[in-house]
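**Student:** 3D model of this:
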Amino acid sequence: MKFLLVQKGDIDEKGETILLNRIIIGIISIVFLLAGCGQDKTDTEVTPDEDFQIIAHRGASAYAPENTLASFNLAKEMNVDYIELDIHLTKDNEIVVMHDEDVTKTTEGSGDIGNYTLDQLKKLSVNYGNEGKKKHAETEAYKVPTLREVFEEFGNEVNFMIELKKSKTNRGIEEKLVDLLIEFEMINTADQDEKPKVVVHSFYEKILKRMDELNKDVLLVKLITFEEDETAELSEEEIAELVNYSSGVGVGYKLLNSNFIQKMHEEGLLVFAADVQEADVAQDMKKIGARGIFTDRPDLLEKE
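**Tutor:** Numbering: from 1, shown residues only. As a prediction, this is how the structure comes out:
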């Protein structure tokens, strides 16, 4: 399978900057207007099965405690395309994997991660309150993992979508993440013809722009929210700003429509549907051209 990576700075004949960052996922059947090409842009098409990306949200989090090695191992067994996870910094400046800034939701502890050292976090169990999801013996699989441990556990066997969050204790996390990605050789360079190993996504433009400054080969996706009574729609100004640093957007599936996805494709941005938990919804997203889905149930569609 051929994966297209387009570097920032590709320009069409009209001088418009297109695909200013990099295309995230492999493209086979949808063709974008690239440098020097005089063809018309294509309409949104059904995303082929082989290109439709299943992204395991916090691992297989419908079946195992979220953001744990147990959840990630289960997602791997389900042959997902990407494992999605969230990171924060501890008091002693270690990158750990957990969704909330506060440990209260998923452990027996309380308070912000930034007030804990790594050793203190390791004494907590992420299986707390999740006994119904227990699929493994009581092992390290239910401890708060560091990102280093995740990379050591899986190596190059899986791909990752890493979410960066805004937090007063996460200052400098972008630099530490880039250093770790380089150490584990997780960054695809522009001339590598393969699926990206790591994609970084966030709701916060400032965070993504900082990542772009640090390493332009790290692929970025902007997560976008809209009001419940709205449909997905961005102004020309908003789109022009997005393509300066992002290769795609993530939007809740209920707000997506084919017109929005087609517009994003025309601007060189891929679209990922969030919060998809049912197979029929996943198929609907595929039909309107979404490039993939974030789901707690990565087995909702068969993947070979």
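**Student:** Now do the same for the closest residue to K222 other than its chain neighbours: helix, strand or coil?
**Tutor:** Closest residue to K222 apart from its sequence neighbours, by Cβ to Cβ, 6 or more residues apart in numbering: S246 at 4.5 Å. C-beta here means a position set from N, CA and C on the backbone, and glycine is covered the same way. Under the three-state scheme (DSSP: H, G, I helix; E, B strand; the rest coil), S246 adopts coil.
**Student:** residues contacting S246?
**Tutor:** By Cβ atoms under 8 Å, 6 or more residues apart in numbering, the contact set of S246 is N21, L208, L220, V221, K222, L269.
**Student:** pLDDT at it, what is it?
**Tutor:** S246 carries a pLDDT value of 96.
**Student:** if we can go back for a sec, what is the nearest of the contacts of S246 to H201?
**Tutor:** V221 (4.0 Å; Cβ to Cβ).
**Student:** Next, the contact list for the closest one, please.
**Tutor:** I24, M161, V199, V200, H201, S246, S247, G248, V249, G250, L270, F272.
**Student:** Looking at those residues, point me to the pair that's furthest apart.
**Tutor:** Maximum distance among the contacts of V221 (Cβ to Cβ): 14.4 Å, for V200 and L270.
**Student:** Please identify which of these two sits among more neighbours.
**Tutor:** Shown here are V200 and L270; by other Cβ atoms under 10 Å, L270 has more neighbours (26 against 23).
**Student:** Verify the stated contact: that one with M264.
**Tutor:** Yes. Contact status for L270 versus M264: in contact at 7.1 Å, counting by Cβ atoms under 8 Å.
**Student:** what do these two both touch?
**Tutor:** In contact with both L270 and M264: G248, V249, using Cβ under 8 Å, 6+ apart.
**Student:** who are the neighbours in contact with the closest residue to L208 other than its chain neighbours?
**Tutor:** Closest residue in space to L208, ignoring its immediate chain neighbours: L220 at 4.9 Å, by Cβ to Cβ, 6+ apart. Residues in contact with L220, defined by Cβ under 8 Å, 6+ apart, are N21, V199, V200, H201, S202, L208, M211, D212, Y245, S246, S247.
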